[in-house]
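Trainee: I would like to see how this sequence folds:
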Amino acid sequence: MECKVLLTQLIQLLQFVTISYGSQAYSFRLYSNMSKDLELKQMYLLNVFCHEFVVAVSSVACILGILILRVNSPKNQDNAQEIEENLLKMTFSYWLVYCVAFGMEKVILPHWEYLIMTLKITTALSYFLTFSCIVSLPLYKLAVHQVEE
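Mentor: Okay, the predicted model is just below:
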């Protein structure tokens with residue numbers, strides 16, 4: 001925190017520069033948006049850390065969701081309930097794959113380009129598969145409801 005305060009004070013001091021040449025003095029503003037840029041970079045870093053925290057918490061929630069679905073699944077269930085449960089398990093599983101790939105992408109060294117590219121492809125595919133499972137669950141319930149009527 002002290003480094004941030006010292007850096008902002010240094011930026012405020014350097015905003016105005018005066019150059020003396022003979023009997024004339026020229027003063028000008030060095031860079032007016034430097035403190036704003038610093039604040040934007042700090043906000044960006046806060047957003048990145050916040051997203052990583054949300055991904056970490058959601059990975060724990062996915063593990064708990066999969067465990068709850070496994071423990072509470074009844075032995076005798078009809079086809080509709082089984083499909084709904086499988087869609088929920090697939091949603092949690094795909095999101096867990098996204099969380100693991102996202103975490104590995106942040107940990108792995110940057111000179112391993114092929115591995116990072118593979119992890120980026122994995123995160124994109126698992127993100128889209130999670131989205132498709134989330135969309136297909138209400139659509140399946142709607143289709144089953146229409147067949148029953």
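Trainee: Check the gap between residue 148 and residue 112 for me.
Mentor: In this view, residue 148 and residue 112 are 53 Å apart by C-beta to C-beta, to the nearest Å. Using the backbone N, CA and C atoms, a C-beta is placed for each residue, glycine as well.
Trainee: Of those two, which one has the most company?
Mentor: Taking other C-beta atoms under 10 Å, residue 148 and residue 112 do not tie; residue 112 has more neighbours (11 against 7).
Trainee: does residue 123 really touch residue 98, like I thought?
Mentor: Yes - under the criterion of C-beta atoms under 8 Å, residue 123 makes contact with residue 98 at 5.5 Å.
Trainee: between the two, who's got more neighbours?
Mentor: Set side by side, residue 123 and residue 98 show more neighbours around residue 98, with 23 against 19, by other C-beta under 10 Å.
Trainee: In terms of secondary structure, what does the helix or strand hosting that one contact?
Mentor: Per DSSP states H and E, residue 98 falls inside helix 79-107. Helix 79-107 is packed against helix 34-71, helix 113-148, with contacts defined by 3 or more C-beta pairs under 8 Å, 6 or more residues apart in numbering; DSSP states H and E.
Trainee: Take the ones you listed and write them to CSV, including distance to residue 106 and mean pLDDT.
Mentor: What follows is the helices and strands packed on helix 79-107, written out as CSV (distance: least, C-beta to C-beta, whole Å; pLDDT from 0 to 100):
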stretch, distance to residue 106, mean pLDDT
helix 34-71, 7, 76
helix 113-148, 9, 90
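Trainee: Minimum distance to residue 103: which of those helices has it?
Mentor: Of all the helices and strands packed on helix 79-107, it is helix 34-71 that lies closest to residue 103, at 7.0 Å by C-beta to C-beta.
Trainee: secondary structure class for residue 73?
Mentor: What DSSP: H, G, I helix; E, B strand; the rest coil gives for residue 73 is coil.
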